[in-house]
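Engineer: Quick one: sequence and predicted model below, then my questions.
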Amino acid sequence: MPHFSEKSKERIATLHPDLQRVVERAIRIMDFSVLDGLRGKERQDKAVADRRSKVVYPNSKHNRSQCEDGTYIVTMSDAVDIAPYPIKWPNLKKQTTKEYLKRIGAFYMLAGVILASAYLENVKLRWGGNFKSMFDGPHFERVVE
């Protein structure tokens with residue numbers, strides 16, 4: 001049965017409770033690792049420098065959690081980055097098309113599991129695989145209306 005590593009559990013503890021419920025439900029269906037939750041300034045700056053994010057600190061959903069009244073809590077994250085376990089990153093330049101499609105397909109499968117889990121937990125999410133500016137397959141963020 002899939003379960004979280006200690007490192008994933010530490011990262012889950014930094015997430016908004018809605019996101020915690022979603023990932024706890026999803027792990028019962030598919031194994032995955034939690035790569036990132038709450039990021040401080042240094043980690044967010046590095047994510048931007050490494051081109052893993054386009055949003056500067058403190059504006060990323062990884063840097064804070066929005067309350068319904070529009071205020072923010074800086075001790076929890078409205079975003080989580082996850083990857084299917086074991087992690088096998090897709091890279092079209094270094095893999096055959098078949099291997100690339102297999103690896104990218106695992107991210108799409110995980111996205112389906114996460115989005116279905118969010119639906120069942122009544123949590124509205126946005127997946128980075130649907131971003132217009134870039135494909136961010138590991139990224140999921142809580143939508144606050």
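Structural biologist: Everything's here; your move. Residues are numbered from 1 along each chain as shown.
Engineer: what separates residue 93 from residue 142, distance-wise?
Structural biologist: Plainly put, residue 93 is 33 Å away from residue 142 if you go by CB to CB, to the nearest Å. Yep, even glycine has a C-beta here, placed from its N, CA and C like the rest.
Engineer: So between the two, which is more surrounded?
Structural biologist: Neighbours per residue, other CB atoms under 10 Å: of residue 93 and residue 142, the larger number sits with residue 142, 22 against 5.
Engineer: Show the contacting residues for the residue nearest to that one when sequence neighbours are not counted.
Structural biologist: Closest residue to residue 142 in three dimensions, ignoring its sequence neighbours and counting by CB to CB, 6 or more residues apart in numbering: residue 78, at 4.4 Å. Residue 78 is in contact with 16, 19, 61-62, 64-66, 141-142, 144, counting by CB atoms under 8 Å, 6 or more residues apart in numbering.
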